[in-house]
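Chemist: pasted the sequence and its predicted model underneath.
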Amino acid sequence: MSLRGRKIRGALAPYALIAPTVVLVLIFVYGVVNGVLQGFGVMPFLGKTEFTFQYYIEALSRSDFTASLGFSLYLSAVSSALAVMGGIVLSAALTRLSASRAARIIGINIPLMTAHTLVVLFVVSLFAGTGLVPRALYALGVIDGIGAFPSVVGDPNGWGIILVYLWKEVPFVAFCTIAIMANVSDRYGEAALTLGASALRTFFSVTLPLCRGALVKAFLIVFAFSFGSYEVPFLLGPTLPKAIPVLAYMEFQNPDILNRSYAMAINGIMVLICTVLAIAYFVVLQRERRR
């Protein structure tokens, strides 16, 4: 190969390497734009080109949508609040005990790497009507029958869904705070203890306030993830109300292709809520940087 050919090949190599990524990004952007347009009633392949808010208005006025939205917000709020509290406890325990790397891997990394579908199977095996826990409680005489144990599948309170979320969300919150908490404990915590403060007062008066930014950001991330999660509510959620991602999927699967606009309108509302959460995260991040 001539020198000129090698130069041309070297100049084109970066573009050839980035080409697959560009193609994937374009496909993703096309799908997002197409979905947004369908939510506003624009479906050129059906001859519908008029921009309208009709589907958003009708979606917001439907009782099943408002019930699903409330159910999803409830699941996200409860699981996020419990995850923050559990993450604080886990992070404090690992910091206080000066846990080894192996302990941190078991307590944080392994739960984070476990797929939600596997956790669902684990929870069902333990807490379903024929699971190990109800049978053990029945054998011990704690409950009158296996059916007396609250169902983990289809429960209107969604406690099974929340339990699955906590498996990964508690370690995630601990992952976000443990480095800060360890640094605070080593510096300001020891200073507070030297001045006569108890370990408990030092934790609530010094450590937690300095970790507030990380906890708020972790809460927002966990809330957005729980709100948009599909597989766990689909597997463990009640028939009614459905979580809003499940409702959007069911509307999309409707045989009437015109119903797809409702599904995309529901997805658009979900995106709007998650965008608000992302803006709140950005605001918290900017405040931390200014401080």
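Modeler: Structure received.
Chemist: show the pLDDT at residue 223.
Modeler: In this prediction, residue 223 carries a pLDDT score of 95.
Chemist: for it, which residues are in contact?
Modeler: 76-77, 80, 277 (Cβ atoms under 8 Å, 6 or more residues apart in numbering). Just so you know, the C-beta spots here come from the backbone N, C-alpha and C atoms, and that holds for glycine as well.
Chemist: so which bits of the strand or helix carrying it are buried?
Modeler: If you go by DSSP states H and E, residue 223 is part of helix 212-228. Applying a neighbour-count criterion of 16 or more other Cβ atoms under 10 Å, one finds 213-228 buried in helix 212-228.
Chemist: how about the helices of the stretch 51-200 of the chain, start to end?
Modeler: 54-61, 63-96, 101-104, 110-113, 116-127, 132-139, 159-184, 190-194, 199-202 (DSSP state H, counting those that start in this stretch).
Chemist: below-threshold pLDDT in this structure: ranges please.
Modeler: The chain contains residues with pLDDT under 70 at 1-5, 10, 98-105, 184-199.
Chemist: apply 90 and report the result again.
Modeler: Under the criterion pLDDT under 90, the flagged ranges of the chain are 1-22, 28-64, 89-160, 168, 174-214, 229, 237-241, 251-263, 271, 284-291.
Chemist: distance check, the residue nearest to the spatial centre of it against residue 45.
Modeler: The chain has residue 225 as the residue nearest its centroid, 1.9 Å off, counting by Cα atoms, centre = their mean. To residue 45, residue 225 is 33 Å away according to Cβ to Cβ, to the nearest Å.
Chemist: quick one: the closest residue in space to residue 261 that isn't next to it in sequence from residue 61, how far?
Modeler: Of all residues beyond its chain neighbours, the one nearest residue 261 is residue 55 (4.5 Å), with distances taken as Cβ to Cβ, 6 or more residues apart in numbering. Using Cβ to Cβ, one gets 11 Å for the distance from residue 55 to residue 61.
Chemist: ditto for residue 258
Modeler: Relative to residue 61, and taking Cβ to Cβ, residue 258 is found at 18 Å.
Chemist: okay, now residue 6: neighbour count?
Modeler: Around residue 6 there are 10 other residues, counting by other Cβ atoms under 10 Å.
Chemist: just say helix, strand or coil for it.
Modeler: Under DSSP: H, G, I helix; E, B strand; the rest coil, residue 6 falls in the helix class.
Chemist: residues contacting it?
Modeler: By Cβ under 8 Å, 6+ apart, no residues touch residue 6.
Chemist: shouldn't residue 219 be in contact with residue 79?
Modeler: No: checked against Cβ atoms under 8 Å, the pair residue 219 and residue 79 is beyond contact range at 10.4 Å.
Chemist: show me what contacts residue 221?
Modeler: By Cβ under 8 Å, 6+ apart, residue 221 lies in contact with 172, 176, 281.
Chemist: who wins on neighbours among those?
Modeler: Of the contacts of residue 221, with other Cβ under 10 Å as the count, residue 176 tops at 22 neighbours.
Chemist: no more questions from me, cheers.
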